[in-house]
Each structure stands twice: as C-alpha cells, then as structure tokens.
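Enquirer: Predicted coordinates and the sequence they were generated for:
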Amino acid sequence: MASRIEDYALIGDTHTAALVAADGSIDWLCVPRFDSGACFAALIGGDEHGRWRLAPAGGFRRIRRRYRDETLVLETDFETRDGAVRVVDFMPLRMQRCHLVRVVEGLSGSVSMSMEWILRFDYGAIVPWVRRVDDALVAVGGPDAICLRSPVALEGRDFTTVAEFRVEPGDRVPFVLSWFASHRPLPKAIDPERALADTEKWWRKWSARCT
C-alpha cells in the first residue's frame, strides 16, 4: 500500500520526477517526461501497478531521511538490529537518456538487503516482456523500454524482479534504471559514482542562484 502523499520525498532531473516513500519504495515515476505514462504507479493503486522497493530484508527499527545540502540527492538511513545501511537516490541531470540511480551503502554491522522491482508501463496496464541483454535486464512494453543494471544477481519471480544481498561497512552497491525507446539499441552503462558527483555539482550550482 502506498504511503501518504506528504510522506514522500521527490527526486528528479528537471524533465520528470520520482516519489520515494520512507520505507524505500519508489511508488511513482513517469518516463521519460512528466507527461509520459507511469512505470511505477503504486501511488494511485497497489503494488501490482508498479513500484521499486529497496530496504533491509528483516525490517528496520528507525529511518532518517534528508537531502544532501543544496541538492535533490536523497539519503535514507535504515537502522536494523544487525547494523545500519544508507540508500542514496537521485536522477542524473538529463543529457540523452533518463536515468534513476540507487546506491546502497553499508554503514555498520552486516545488513541483509532485499530489492523488489515491479515494473508496469502505462500506469500499471502493461506487464513488460523481460529478458537479459548483455549486462542488463531489459523490460519492453510497446514503445517503452527500461533496462536495469546492478552487480548483484537479479532473479525473476511471479512477474517481479527480486534480489537479495548483504552489505557491510564501506560497501557500495549501485542499481541503475535507464529508459529508452524500445526500437532503439540498449543504452550504454553509466558510471553511478561519477553521475552522483556530477548531479550534486549541478544542483549546488543551481541552488547558489536562489535568493
């Protein structure tokens, strides 16, 4: 079930935006533009209409969220009985492609993480055809295609892509979602760490003009 609208945090690339719930679930995203159909639409329906949840597998005791100073880069810290982990969410500023990046960072202890990726095009109406292409998982639905890249093993289960992995202090595990037109070639992978640095720099430059 979706969270209350006031509990969501917003990330975006000035062409579109995603809404991130406190429990680590992205429940709304229209790609590649604000006026495009949503591929995650749990906000106005249920999980079956699309969402992307990334959170500790065994639940958590406390959550703290914040934006990095003068940016639209969101940090969510989860405290669990086994340790602490941070999820960094952002959308790199638009060049040619629309990307959404999530980086899981181990802070303390050893935390088991769970990912659930339910992708549904056109506000939940289209269940995509998913296949492995090179280093990416590619989902196609009509004119839209989205690829998901990550170093962790991704598994299909009941029309849902899932992953389980463990992080320890210093670990950084990226997940990169990229939209592209389904008749076009698979886009090249981006460097998530470089994208993070560039995104922070852009937002701080933009914020510096605000009075």
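Expert: Yes, it's here.
Enquirer: Scan this protein for its longest strand.
Expert: For the chain, the strand with the greatest residue count under DSSP state E is strand 98-109.
Enquirer: can I have stretch 147-161 written out in CSV, keeping just the CAs?
Expert: What follows is stretch 147-161, C-alpha atoms only, in CSV (Å, rounded to 0.1, in the frame of the first residue of the first chain):
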residue,chain,number,x,y,z
CYS,A,147,17.0,-1.6,-18.5
LEU,A,148,18.2,-2.3,-15.0
ARG,A,149,21.9,-2.8,-14.3
SER,A,150,23.4,-3.9,-11.0
PRO,A,151,26.4,-6.0,-9.8
VAL,A,152,24.0,-8.2,-7.7
ALA,A,153,22.2,-11.2,-9.1
LEU,A,154,18.7,-10.3,-10.3
GLU,A,155,16.0,-13.1,-10.4
GLY,A,156,12.5,-13.2,-11.9
ARG,A,157,9.8,-14.4,-9.6
ASP,A,158,6.0,-14.1,-10.3
PHE,A,159,6.4,-11.3,-12.8
THR,A,160,8.6,-9.4,-10.3
THR,A,161,12.4,-9.0,-10.4
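Enquirer: ok, residues contacting it?
Expert: Residues from elsewhere that reach stretch 147-161 (CB atoms under 8 Å, 6 or more residues apart in numbering): 115-119, 127, 130, 133, 135-139, 162-163, 165, 173-178, 180, 186-187, 189. (Glycine included, C-beta is placed from N, CA and C.)
Enquirer: next one: it to chain centre, how far?
Expert: When C-alpha coordinates are averaged (CA atoms, centre = their mean, to the nearest Å), stretch 147-161 and its chain have centres 13 Å apart.
Enquirer: swap in stretch 199-211?
Expert: Its chain's average C-alpha position is 22 Å from that of stretch 199-211, according to CA atoms, centre = their mean.
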